[in-house]
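Kindly generate the corresponding structure for this input.
(one chain, ligands or ions: 2)
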Amino acid sequence: MEHPTCILEKLKQFVVSDAPPTVYCIPDFISEDEESYLLQQVYRSPKTKWTQLSGRRLQNWGGLPHPKGMLAEKIPDWLQTYCEKISSLGTFSGKTANHVLVNEYKQGEGIMPHEDGPLYHPTVTTISLGSHTLLDFYTPVGSLEAGPPQTEENRYVFSLLVKPRSLLILQEEMYQRLLHGIQGCVQDTLTDKVLNLSASGAQAGDTLTRGTRVSLTIRHVPKVMKTKLILGRK
Ligand SMILES: O=C(O)CCC(=O)C(=O)O
Ligand SMILES: [Fe+2]
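Ligands and ions are numbered 1, 2, ... in the order given. Below you'll find the predicted structure:
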């Protein structure tokens, strides 16, 4: 097998050079057949795996991350394959991803700007299925770059066009400092604020209509509990 750092070196061509360190956008990371297969598996999961939130629904695989440690649960083979494939790129400092969030956004749905936080290794990797989206980035509240006033609009800095079948990798400043979110809209009109326009074969002024997008957010949770602690027992 190739050494992970050599692979990460090869991935350098996919770095979005106008963005802060570091974001990789890797087009066609999976084939159309893999995309169909993964969608089939997502929708074949038991209904009870879904949690409905406002503006999206999700499946959590691998356990619930917790400051005291995640009680690890087995990740099904159809996801484990991709955890291993992505980890073999060297994305998690030699560790293997052990947590997957499946998010489903219907047309017009999104996710509020947020940070992924300290329970994860500071790398987030995302495989997109079914539709493109625009991932928007924001400076944190209280940083001096935006405003005043510190409205969401003033804190907005740029977007990335995330295509179906692509792999997105965020690390360092892109993970640790900026917030990310997805506007709940039906159409995206691309502007020069989309930093990976040309690399994704798009142009400012293009209008893209969203469909249902399913994303696989694949991460590594460093703190894992080996055994279940039985709390509150007398
Ligand atoms: O759907 C996406 O690409 C983003 C998901 C996300 O930000 C999260 O689950 O924390
Ligand atoms: Fe996130």
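
contacts, neighbours, all on C-alpha from now
OK.

V124: what secondary structure?
strand (DSSP: H, G, I helix; E, B strand; the rest coil).

Correction: the previous question concerned S93.
Following three-state DSSP, the label given to S93 is coil.

C25 should be in a strand, yeah?
Yes - assessed with three-state DSSP, C25 lies in a strand.

let's number from 271 now, not from 1
That works, and once the first residue is 271, the last one we named lands at C295.

Run a quick neighbour tally on it.
By other CA atoms under 10 Å, the residues close to C295 number 26.

Leaving out chain neighbours, which residue sits closest to it?
Nearest residue to C295 in three dimensions, chain neighbours excluded: L438, at 4.8 Å (CA to CA, 6 or more residues apart in numbering).

Give me the distance between the one you found and Y445.
Separation of L438 from Y445 (CA to CA, to the nearest Å) stands at 12 Å.

residues touching the most centrally placed residue in the chain, list them.
In the chain, the residue lying closest to the centroid (CA atoms, centre = their mean) is T396, at 3.7 Å. Contact partners of T396, counting by CA atoms under 8 Å, 6 or more residues apart in numbering, are S436, L437, L438, I439, S485, L486, T487, I488.

taking those residues one by one, which sit in strands?
Judged by DSSP state E, the contacts of T396 include L437, L438, I439, S485, L486, T487, I488 as members of strands.

Tell me the spacing between the fourth one and ligand 1.
Looking back up the chat, that one is S485. Look at S485 and ligand 1: by CA to the nearest ligand atom, to the nearest Å, they are 5 Å apart.

Quickly list what that residue is bridged to.
As for beta bridges, S485 partners with N373, S398 under DSSP bridges.

and it, how many neighbours does it have?
S485, neighbours per other CA under 10 Å, totals 25.

In this structure it contacts V370, no?
No - using CA atoms under 8 Å, S485 is not in contact with V370; the gap is 9.7 Å.

Kindly list the longest helix within this structure.
Taking DSSP state H as the criterion, the chain has its longest helix at helix 302-314.

Please identify the buried residues of that one?
For helix 302-314, the neighbour count (16 or more other CA atoms under 10 Å) marks E305, L308, L309, V312 as buried.

how distant is the helix or strand just after it from the center of its chain?
Next helix or strand after helix 302-314 toward the C-terminus (DSSP states H and E): strand 320-323. How far strand 320-323 lies from its chain's middle: 17 Å, per CA atoms, centre = their mean, to the nearest Å.

Show residues contacting strand 320-323.
With CA under 8 Å, 6+ apart as the contact definition, strand 320-323 has outside contacts at R327, L328, Q329, N330.

quick one: buried residues of stretch 463-471?
For stretch 463-471, by 16+ other CA under 10 Å, it's V464, L465, N466, L467.

thinking again about what came up before, any chance of the buried residues of helix 302-314 in a markdown table, with pLDDT and distance to L404 too?
Output for the buried residues of helix 302-314, formatted as a markdown table (pLDDT from 0 to 100; distance: CA to CA, whole Å):
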| residue | pLDDT | distance to L404 |
| --- | --- | --- |
| E305 | 98 | 19 |
| L308 | 98 | 21 |
| L309 | 98 | 20 |
| V312 | 98 | 22 |
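
Let me have those in CSV, extended by distance to ligand 1.
What follows is the buried residues of helix 302-314, written out as CSV (distance: CA to the nearest ligand atom, whole Å):
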residue, distance to ligand 1
E305, 15
L308, 15
L309, 14
V312, 14
